[in-house]
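Enquirer: Need a 3D model of the sequence below.
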Amino acid sequence: MSFYLPAYKKSDPKNYILALQESRSGFSKKDPREMAQKSGGTFLEGKIQLKVLGHNLCISHPEGLVKFSESTDLEPHFILQIIIINYISRAGGDPLTHQFIPYRDFPGGSAFYAAFYQGAIQPLARAFGEKPEILQAVASKLGGELMKAGSSTQILFWFLPRVPMKYIVWPGDEEISARANVLFDSSAGNYLHTEDLAGAGEYLTGLLAEKSV
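Expert: Residues are numbered from 1 along each chain as shown. Below you'll find the model as predicted:
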């Protein structure tokens, strides 16, 4: 069985092993039914079922093992696993505002914005500034919804059920370089720490750029 999200028999967490263990430890101590309800998932047979970038994933409780629902032998990249576990554990159930804001507007975001720009925004402009049609094609495989506005291409991704992300690309020309931006619903801080929001943006941009080749 194939998935558009990278799937592994075992995704090696490398230097992130302690972060993954800490995330799983916090997750194990919380009520799975409450976490499922607040995160927009469902709890069934000891697992939280969650839709992530158009794919169905399941997270076992209390172990915190993240697998593809259609093939429990495969798991997503360890970075995505950490983000998902942290999301479920942190989810407060707050409603979306449908107001999208830049990363730097979240607590601590301004201090890390330069790194976020280099890891999530600049590669987006570089990969798709001259070929927005490829962005649309790749995005559709990840549940992305086209929201074209004016000269820009805008894609709405449901990274997680309560963390929508808006990707925007403005094409360049002979005089102006292509530009891009990554925006989050202003409620996203109630579901992910600012560091995890950066990880989500960098993960998704990297995946899109990789699939564009």
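Enquirer: Grab the longest helix from the protein for me.
Expert: helix 194-212 (DSSP state H).
Enquirer: doesn't Lys166 make contact with Met147?
Expert: Yes - counting by CB atoms under 8 Å, Met147 touches Lys166, with 7.5 Å between them. Placement of C-beta: from N, CA and C, glycine included.
Enquirer: Only the buried residues of the longest helix of the chain, if you could.
Expert: The neighbour-count check on helix 194-212 (16 or more other CB atoms under 10 Å) flags 194, 196-209, 211 as buried.
Enquirer: hang on, the earlier thing: mind checking which of Met147 and Lys166 has more residues around it?
Expert: Using other CB atoms under 10 Å, the more surrounded residue of Met147 and Lys166 is Lys166, with 17 against 13.
Enquirer: Now list whatever residues contact both of Met147 and Lys166.
Expert: When CB atoms under 8 Å, 6 or more residues apart in numbering defines a contact, the residues bordering Met147 and Lys166 alike are Gln154, Ile155, Leu156.
Enquirer: For Val163, give me its contacts.
Expert: Tyr87, Phe184, Asp185, Ala188, Tyr191, Leu192, Leu197, Ala200.
Enquirer: ok, 7 Å please
Expert: The contact partners of Val163, taken as CB atoms under 7 Å, 6 or more residues apart in numbering, are Tyr87, Ala188, Tyr191, Leu192, Ala200.
Enquirer: and those residues, which of them are in strands?
Expert: Judged by DSSP state E, strands contain none of the contacts of Val163.
Enquirer: Generate CSV for these, with distance to Pro107 and pLDDT as supplementary columns.
Expert: Below are these laid out as CSV (distance: CB to CB, whole Å; pLDDT from 0 to 100):
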residue, distance to Pro107, pLDDT
Tyr87, 17, 98
Ala188, 11, 98
Tyr191, 13, 98
Leu192, 12, 98
Ala200, 16, 98
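Enquirer: Out of those, which is nearest to Gly129?
Expert: Nearest to Gly129 out of those is Ala200 (CB to CB; 21.6 Å).
Enquirer: Touching, the closest one and Ile83? I think so.
Expert: Yes - judged on CB atoms under 7 Å, Ala200 makes contact with Ile83 at a distance of 5.6 Å.
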